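1. need the 3D shape of this:
(2 chains)
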Amino acid sequence: NAGVTQTPKFQVLKTGQSMTLQCAQDMNHNSMYWYRQDPGMGLRLIYYSASEGTTDKGEVPNGYNVSRLNKREFSLRLESAAPSQTSVYFCASSEGGTGLSPLHFGNGTRLTVT
Amino acid sequence: AQRVTQPEKLLSVFKGAPVELKCNYSYSGSPELFWYVQYSRQRLQLLLRHISRESIKGFTADLNKGETSFHLKKPFAQEEDSAMYYCALTKGNKLVFGAGTILRVKS
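-> Residues are numbered from 1 along each chain as shown, chains lettered A, B, ... in the order given. Below is the predicted model:
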């Protein structure tokens, strides 16, 4: 039981390049989330998917797209990377809404955009 | 707008000293609040939630609606408590996190 698995762990991009961060969970959770972690800013929600087939914007969605491929997988895409997107990205999942169900986090992806 | 404020970026205490990590929130309604913790080289994980009124690893947190606070407390800090602590607030189907406080427990 791996929980939430993110790939890759590290990535360096040049400005303008694109990439997709992958996330998969094996806990049969309904909801999945993408956060970014920046010093002094805490974790900010980029996008979330309350259930399979739905996605919604979070606090900082600009420059990102997501796909809820199936119940297990939720990917985050940067179409044209910018230095401001240098961050640590965390995927998380929860059984239901965040009010009652704790979030289970992945190990994170450290992204540097030069 | 719902917001969580953790005023201290870093809190440094000696082993055996009391710890209080501050969290203030703004929310129109009945909030649901949580503390998450990230130990070195480990995943971010739930520490405790106010609805459970539980004590985890000696930590407790009381919701004070009058002062809009949810401070995390422990009477005697241990070195293994050193970590990043995040206070979080439920907003619909989402969690809003504070900026986090690094707790360093010195021997």
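2. how about the residues of chain A near chain B?
-> Within chain A, the positions near chain B by C-beta under 8 Å from any C-beta of the partner chain are A:3-4, A:31, A:33, A:35, A:40-45, A:48, A:50, A:58-59, A:90, A:92, A:97-99, A:102-107. Quick note: C-beta positions are derived from backbone N, CA and C, even for glycine.
3. who are the contact partners of the residue sitting nearest the centre point of chain A?
-> Of all residues in chain A, the one closest to the mean position by C-alpha atoms, centre = their mean is A:Trp34, 2.7 Å from it. Counting by C-beta atoms under 8 Å, 6 or more residues apart in numbering or on different chains, A:Trp34 makes contact with A:21, A:23, A:45-48, A:58, A:64, A:66, A:74, A:76, A:89-92.
4. now do the same contact list for B:Lys65.
-> B:Lys65 makes no contacts at all, as judged by C-beta under 8 Å, 6+ apart.
5. that one and chain A, how far apart?
-> 17 Å (C-beta to the nearest C-beta, to the nearest Å).
6. still on that earlier bit, what's the closest of the contacts of A:Trp34 to B:Ser26?
-> Nearest to B:Ser26 among the contacts of A:Trp34, counting by C-beta to C-beta, is A:Leu45 at 17.1 Å.
7. how about the closest residue to B:Ala61 other than its chain neighbours, phi and psi?
-> Leaving out its chain neighbours, the residue that sits closest to B:Ala61 by C-beta to C-beta, 6 or more residues apart in numbering or on different chains is B:Leu72, at 4.8 Å. Main-chain torsions, B:Leu72, degrees, to the nearest 10: phi -100, psi 130.
8. and for A:Pro83?
-> Residue torsions, per degrees, to the nearest 10, at A:Pro83 are phi -50, psi -30.
9. return the residues in contact with it.
-> A:Pro83 neighbours (C-beta under 8 Å, 6+ apart): A:15, A:113-114.
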